[in-house]
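> got a predicted model here, sequence first, then my questions.
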Amino acid sequence: MQQSVKVKQTKMSTRVIAQIGILSAIAYLLRFFEIPLPIFPPFLKIDLSDVVAVFGGISMGPVAGFVIVVVKNLLQAITGSTTGGVGEFANILIAGPYVLMICLFCKKVKSYKNVLIGAVLGTIAMAIVGAVVDYFIVFPLYAKVMVPMEVIIQMGTVLNPRVTDLFSFMIWLVVPFNIVKGAIMTVVILPLYKKVEKILAVK
């Protein structure tokens, strides 16, 4: 009996690992399909790679969802990073709360209501964490190795005259961008998550 349970657990673990690997690869590929929005600077782009992590996390648990986010960004950092790994590290910190929040709310009861609540709270967390990470880490590093801070601020001022420094850039552009991104991902997730969850469910 115990041996049968161990075999079943091993098979389940193998399937989970395999699905995490496949979903991480899919998320990695989706990172290359970025959509710029004209109301934001060109370096702030929407991609749906974190939607894959949400689906994985709903089906296999919050840890699996977060691992997909991490692996996706590690692959990006190794093979196609244009930011020296800074953008990928930031994406883990920023997207992680969104993915985890939805997966935690759906851990016991999977429902549209819990997905929506998790997504709203995850979007708020993503907006706050994103502003903090970008303000203290990402933008200062970009300014040192890629584009001077004055140029970055000027790009923001062109889009919104209220942007006069890095802090106002966060308030008027970065925070709204992450809210819009969270809203778009939520709109994609809600009608699909039940079907995808059934496909990925580990039995």
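That came in fine, so what should we check first? Numbers count the residues shown, from 1 in each chain.
> every contact and neighbour count from this point should use C-alpha atoms.
Fine.
> for residue 107, what are its contacts?
58, 61-62 (CA atoms under 8 Å, 6 or more residues apart in numbering).
> that one belongs to a helix?
No. Per DSSP: H, G, I helix; E, B strand; the rest coil, residue 107 lies outside any helix segment and is coil.
> returning to what we had before: compare the contacts of residue 107 and tell me which is most surrounded.
Among the contacts of residue 107, the one with the most neighbours (other CA atoms under 10 Å) is residue 58, at 30 neighbours.
> from residue 194, how far out is that one?
9 Å (CA to CA, to the nearest Å).
> same question, residue 56
To residue 194, residue 56 is 12 Å away according to CA to CA.
> mind checking which of the two has more residues around it?
When residue 56 and residue 194 are compared for neighbours, residue 56 comes out ahead with 30 against 16, by other CA under 10 Å.
> wait, residue 85 sits on residue 77?
Yes. Shown here, residue 85 and residue 77 form a contact pair, counting by CA atoms under 8 Å, at 5.0 Å.
> now do the same end-to-end measure for stretch 166-176.
With CA to CA, one end of stretch 166-176 sits 15 Å from the other.
> scratch that, stretch 128-139
End-to-end distance of stretch 128-139 (CA to CA): 15 Å.
> which stretches of the chain form helices?
Here the chain has its helices, by DSSP state H, at 2-30, 49-60, 62-79, 86-105, 112-133, 139-145, 149-159, 166-169, 175-189, 193-200.
> I'd like those laid out as JSON lines, including distance to residue 40.
Compiled in JSON lines, the helices of the chain are given as follows (distance: least, CA to CA, whole Å):
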{"stretch": "helix 2-30", "distance to residue 40": "20"}
{"stretch": "helix 49-60", "distance to residue 40": "19"}
{"stretch": "helix 62-79", "distance to residue 40": "23"}
{"stretch": "helix 86-105", "distance to residue 40": "17"}
{"stretch": "helix 112-133", "distance to residue 40": "15"}
{"stretch": "helix 139-145", "distance to residue 40": "15"}
{"stretch": "helix 149-159", "distance to residue 40": "7"}
{"stretch": "helix 166-169", "distance to residue 40": "11"}
{"stretch": "helix 175-189", "distance to residue 40": "7"}
{"stretch": "helix 193-200", "distance to residue 40": "29"}
